[in-house]
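Peer 1: Here's my sequence, what's the structure:
(chains A and B)
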Amino acid sequence: DAGVIQSPRHEVTEMGQEVTLRCKPISGHDYLFWYRQTMMRGLELLIYFNNNVPIDDSGMPEDRFSAKMPNASFSTLKIQPSEPRDSAVYFCASSLGPQGEETQYFGPGTRLLVL
Amino acid sequence: TQLLEQSPQFLSIQEGENLTVYCNSSSVFSSLQWYRQEPGEGPVLLVTVVTGGEVKKLKRLTFQFGDARKDSSLHITAAQPGDTGLYLCAGEHQGGKLIFGQGTELSVKP
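Peer 2: Numbering: from 1, shown residues only, chains lettered A, B, ... in the order given. Purely as a prediction, here's the structure:
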């Protein structure tokens, strides 16, 4: 398996623009997680899905952020409108089971810079 | 909000030296995980410790979970340049949610 695939790897955009990040989890994994990593706040869980259903979105910063998982092999994280403080590395991870019970496999991340 | 504090934040040592990284919290965790992250990549799980006082070894890396399950340490013996990276601890609390520490940036110079 190729592991968790994320695209794009790098994104530079201007404030106010819509940004869409994409993730393909490892085949057979029922859980998908979206994280954000910054120097100030470290690695934070934004939202996670189980069998394509959003379970906990309490980490989503505000209404500008939304995430979908239309099928078992694809998820998106959208920011609209984007702001400079959204600049961070966004990771997608997948696992066979819940956090703490099964190993999470992280993708390579998307580096987002909002000017 | 439960916090995990890691120390030191940065560590630069010479090849062959030993080092210890600490992960501390005022909260009790069901389990604690250690990850290593290389530049441009996502974190990779190294180990999970579950029982208070548990010690796990992974080659030159020794992981210990505190007796009260509030803290953990990672000790590396005879560090190598290949050990360079960001080391993250993550604690699992009630509900199964993982809380990550800020990380320790380790640089091992040849």
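
Peer 1: and the residue of chain A found nearest chain B, bridged to which residues?
Peer 2: As assessed by Cβ to the nearest Cβ, chain B sits closest to residue A:106 within chain A, at 2.8 Å. In short, each C-beta sits where N, CA and C put it, glycine included. For residue A:106, the beta-bridge partners are residue A:93 (DSSP bridges).

Peer 1: Now do the contacts for it.
Peer 2: A:4, A:35, A:91, A:92, A:93, B:41, B:42, B:43, B:44 (Cβ atoms under 8 Å, 6 or more residues apart in numbering or on different chains).

Peer 1: again, 10 Å this time
Peer 2: Residue A:106 makes contacts with A:3-4, A:6, A:33, A:35, A:43, A:91-95, B:35, B:37, B:41-45, as judged by Cβ atoms under 10 Å, 6 or more residues apart in numbering or on different chains.

Peer 1: now do residue A:98
Peer 2: Counted by Cβ under 10 Å, 6+ apart, residue A:98 has contacts A:30, A:31, A:48, A:50, A:55, A:104, B:92, B:95, B:96, B:97, B:98.

Peer 1: on that earlier part again, would you show me how to pick out the buried ones of the contacts of residue A:106 in PyMOL?
Peer 2: Applying 16 or more other Cβ atoms under 10 Å in any protein chain shown to the contacts of residue A:106 leaves a buried subset, and the PyMOL line that selects it is:
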select buried, (chain A and resi 4+6+33+35+43+91+92+93+94+95) or (chain B and resi 35+37+42+43+45)
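
Peer 1: can you count the residues close to residue B:93?
Peer 2: 16 (other Cβ atoms under 10 Å in any protein chain shown).

Peer 1: same deal with residue B:67?
Peer 2: Based on other Cβ under 10 Å, the number of other residues close to residue B:67 is 11.

Peer 1: so it makes contact with residue B:53?
Peer 2: Yes - if you go by Cβ atoms under 10 Å, residue B:67 and residue B:53 touch, sitting 4.8 Å apart.

Peer 1: re earlier: what's the spacing between the residue of chain A closest to chain B and residue B:100?
Peer 2: 12 Å (Cβ to Cβ, to the nearest Å).
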